[in-house]
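Structural data only, the sequence is not supplied:
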């Protein structure tokens with residue numbers, strides 16, 4: 001049995017992701033959700049725009065390096081597209097798609113952080129009464 005190419009694998013995987021547009025480029029294919037680029041393929045190298053925590057883990061796996069595209073992007077250049085590499089490529093494709101969907105929904109900020117309140121959460125002190133103490137005090 002022959003191993004599928006990375007291009008064929010990503011094309012099949014992208015076909016399962018709602019509203020994904022595969023746009024041919026001179027080098028390969030870019031994958032978009034609406035106007036958000038979330039993955040790219042050039043030859044045997046794929047790049048994925050992942051959430052920070054997913055990207056950090058991805059960088060610790062074989063054949064993965066940081067991408068020149070910037071923060072959140074990883075470059076996956078598998079020497080061999082075995083079962084593990086296929087699983088990772090499809091998982092990162094879907095994860096990048098979910099990140100793009102969250103960005104479009106306003107859940108993820110453009111810098112990759114979560115939307116909503118600051119580090120301490122949204123500024124809502126409705127649980128406190130007028131004296132500044134909690135509901136029980």
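Everything's here; your move. Only a predicted model underlies this, so the values are computations on that prediction, with no experimental measurement involved.

which residue is nearest the middle of the protein?
Compute the mean C-alpha point of the chain, and by C-alpha atoms, centre = their mean the closest residue is residue 96, 2.3 Å away.

how distant is stretch 57-68 from the center of its chain?
13 Å (C-alpha atoms, centre = their mean, to the nearest Å).

Just the terminal-to-terminal distance for it.
Between the opening and closing residues of stretch 57-68 there is a gap of 18 Å (C-alpha to C-alpha, to the nearest Å).

Quick check: buried residues in it?
In terms of neighbour count (16 or more other C-beta atoms under 10 Å), stretch 57-68 has its buried residues at 58, 63-64, 67. C-beta: built from backbone N, CA, C; applies to glycine.

so the residue nearest to the centre of the chain touches residue 41, yeah?
No - contact between residue 96 and residue 41 fails when scored by C-beta atoms under 8 Å: they sit 11.8 Å apart.

shared neighbours of these two, anything?
A shared contact of residue 96 and residue 41, defined by C-beta atoms under 8 Å, 6 or more residues apart in numbering, is any residue touching both; here these are residue 31.

now this structure, which segments are flagged as low pLDDT?
Confidence mapping of the chain against pLDDT under 70 gives the ranges 1-3, 108-137.

Which stretches in it count as strands?
In the chain, strands defined by DSSP state E lie at 20-24, 28-33, 36-42, 45-49, 64-66, 73-76, listed in chain order.
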